[in-house]
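Asker: Below are the sequence and a predicted model; questions follow.
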Amino acid sequence: MTNPEAGTAQIYLAMGCFWGAEEIFWLHDGVVGTSVGYMGGDRVSPSYQDVCTGRTGHTETVCVTYDLSKVSTLEILQQFWERHDPTQGMRQGNDVGSQYRSAIFTTTDEQLELAKRTRDIYNAELLTRGYGEITTEIAPATDFTYYLAEPYHQRYLEANPNGYRCHSMTGVPLPALV
């Protein structure tokens, strides 16, 4: 975990293949930095090859740093929920394995509370639309170590614009918070 500059916040989001997920956030107004890595597992300094075995417990994760004066945590979480299918368990679309599971690793108590609140609201909406329960793991980032992925994965789609994107989405918008 890095210390964000004053006026910014960080959150760690896992929503399938990290290439497309990172692009979603680096293109978002108010996001000042992204990186991709591995989080949520128990192996020290895993490589991409290690994580792809599905035996390290890590999930492909995007670290999102955002300017709080330009974008809210709610807006970041809205993108997270709406831009993947959080009901798929250990997969996203054709990508299967624990490394593709949905997770939110928060850096503040406020983020943790909002992540759980938006999950509950979105879960209720998805259930009314015929989807299953949300399987997204939500935990404080301090419970895990974030390991930066290899350099060739960073902003992969910037260097490879025709590269792979997994956009397995529900098409269901996050309802307004009451």
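Answerer: Yep, that arrived. Residues are numbered from 1 along each chain as shown.
Asker: How many residues are close by T136?
Answerer: 25 (other CB atoms under 10 Å). C-beta coordinates here come from the backbone N, C-alpha and C atoms, glycine included.
Asker: Verify the stated contact: it with F105.
Answerer: No: using CB atoms under 8 Å, T136 makes no contact with F105, being 10.9 Å away.
Asker: could you point out the longest helix in this structure?
Answerer: helix 109-128 (DSSP state H).
Asker: model confidence over that helix, on average?
Answerer: Helix 109-128 carries an average pLDDT of 98.
Asker: And for stretch 7-25?
Answerer: Mean predicted lDDT for stretch 7-25 stands at 97.
Asker: where do the helices sit along this protein?
Answerer: 18-26, 48-52, 73-82, 109-128, 156-159.
Asker: right, so those: which one is the most enclosed?
Answerer: helix 18-26 (a mean of 23; mean count of other CB atoms under 10 Å).
Asker: So which elements touch that helix?
Answerer: strand 8-15, strand 31-39, strand 59-67, helix 73-82, helix 156-159 (3 or more CB pairs under 8 Å, 6 or more residues apart in numbering; DSSP states H and E).
Asker: The ones you listed: which one's closest to E113?
Answerer: Smallest distance to E113 across the helices and strands packed on helix 18-26 (CB to CB): 10.0 Å, for helix 73-82.
Asker: Quick one: distance of the closest one to the chain centre.
Answerer: In this view, helix 73-82 has its centroid 10 Å away from the chain centroid, taken as CA atoms, centre = their mean, to the nearest Å.
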